[in-house]
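[1] no letters, just coordinates:
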DNA sequence: GAGTACATGTAATTAGTTACATGATTGA
DNA sequence: TCAATCATGTAACTAATTACATGTACTC
């Protein structure tokens, strides 16, 4: 599917960047919620993109002698990226999630053991949700303009807040079920 | 991380299964929302688990001569699985999502082109949400008992419904922004 | 008899992670 | 001068996908 390729092309399409800059972008507030790559995956991919003629680079000296490669997208790269971006695709059937996998098998834990996991996850997801909300409120108190990178940043951050908010609500529901059963629904407590 | 290993151990821990059964489980309503593997990944993993002494198998003949391998978990496998299940881990920083990646780069599309993608995604996610809701309502009209596999099935299905519902709401918000701007927030329309 | 589901494997490739390896620049 | 950051690469391994390959059983 070459998704990493297009994530990189999209970044380099915004502005010329070094491999290190791309790594930083993948670690940034915006992107890291829904895409990520290590530098060990990025540098070989840059080589490949150069070989494919989709990006080119210029060696830039920083300070006295530190050689850095500043990559910029080529017209062929722009076309390839744009074709990918326009492509209407089917939604993914699987969004892998290890904690949901654990939940699927919770029967093998005691209620207390599983509740402990739920509470830990809840704490972490609440913290993440609050952080994302803070970013959203501070950086996007007004709606950004169309055709700016800020609009993309805003939409995905808004999506991340919604995703975390819902994750928190789901964990709260799981805890509620395990602590109280469902209101009005007497639960058989086997143990 | 060996997550596939534990997904398989968890299934085989529920009841003895063939590799084919495991594949079917990964394709089933419940699991496929948050975990998946192809048979080409499953069969070699079964071999590995046998070599590690975590599962063992019995060759069973189906019909006249079709040899199938019925795997069952060993005590060592049970222990390993249980240790993994109890393990309290950090939440994932990245839940990869290609459509969010496209959204991040929407600036490179015209508003109409991006709206077309949004509407297609919305249609598909609404359909999935409705399907999941239907499963939830038909299979879990009453809360399942604790310490049953039904409880795990219920919780992850409930989580899947919430996840899809929120995805739909996010897409609707994106469409709303692109069609109308935000209510009360005049938007600069550059083009 | 045909088509679908059951059943198991390998090969080749792509994707991703962790570890190894090195060195320059900047700011406290 | 020390630590953090900038900067680039490779090696080894694990994870996952797509394609190749084969054969049986069941149901219409």
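    Okay, I see it. Remember, it's a predicted structure, so these values are computed and weren't measured experimentally.

[2] show me the strands in chain A, by range?
    Applying DSSP state E to chain A gives strands spanning A:55-62, A:66-73.

[3] quick check, the last one touching chain B?
    So the one you mean is strand A:66-73. No: using Cβ under 8 Å from any Cβ of the partner chain, strand A:66-73 never reaches chain B; the gap is at least 10.8 Å. For the C-beta atoms, the positions are set from N, CA and C on the backbone; glycine is no exception.

[4] quick one: contacts of that strand?
    If you take Cβ atoms under 8 Å, 6 or more residues apart in numbering or on different chains as the criterion, strand A:66-73 is touched by A:9, A:12-13, A:16-20, A:46, A:49-50, A:54-62, A:81.

[5] kindly report the same for the first one.
    Around strand A:55-62, the neighbours that count as contacts under Cβ under 8 Å, 6+ apart are A:8-9, A:12, A:46, A:49-50, A:67-74, A:77.

[6] hang on, the earlier thing: can I have the buried ones of the contacts of strand A:66-73 as a PyMOL selection?
    In PyMOL, a selection of the buried entries from those looks like this (16 or more other Cβ atoms under 10 Å in any protein chain shown):
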select buried, chain A and resi 9+12+13+16+17+18+19+46+49+50+54+55+56+57+81
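
[7] can I get the strands of chain A in TSV including distance to DNA strand D and mean pLDDT?
    Converted to TSV, the strands of chain A look like this (distance: least, Cβ to the nearest atom of the strand, whole Å; pLDDT from 0 to 100):
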stretch	distance to DNA strand D	mean pLDDT
strand A:55-62	5	98
strand A:66-73	4	98
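
[8] can you put the ones you listed in a markdown table and add distance to DNA strand C?
    Shown next, in a markdown table, are the strands of chain A (distance: least, Cβ to the nearest atom of the strand, whole Å):
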| stretch | distance to DNA strand C |
| --- | --- |
| strand A:55-62 | 5 |
| strand A:66-73 | 4 |
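
[9] please tell me how far the closest residue to DNA strand D within chain A sits from chain B.
    Distances between chain A and DNA strand D by Cβ to the nearest atom of the strand are smallest at residue A:40, namely 3.0 Å. For residue A:40, the distance to chain B equals 16 Å [Cβ to the nearest Cβ, to the nearest Å].

[10] for that residue, give me the pLDDT.
    Per-residue pLDDT puts residue A:40 at 98.

[11] relative to residue B:178, how far out is it?
    Using Cβ to Cβ, to the nearest Å, we find residue A:40 at a distance of 37 Å from residue B:178.

[12] one step back: neighbours of the residue of chain A closest to DNA strand D, how many?
    9 (other Cβ atoms under 10 Å in any protein chain shown).

[13] and it, how far is that from residue A:19?
    Distance of residue A:40 to residue A:19, given as Cβ to Cβ: 11 Å.

[14] and the residue nearest the centre of chain A, how far from chain B?
    Centroid-nearest residue in chain A, with Cα atoms, centre = their mean: residue A:34, separated by 1.6 Å. Using Cβ to the nearest Cβ, one gets 4 Å for the distance from residue A:34 to chain B.

[15] what's around the nearest residue to that residue once chain neighbours are set aside, how many residues?
    Closest residue to residue A:34 apart from its sequence neighbours, by Cβ to Cβ, 6 or more residues apart in numbering or on different chains: residue B:100 at 4.0 Å. Other residues within reach of residue B:100, judged by other Cβ under 10 Å, total 21.
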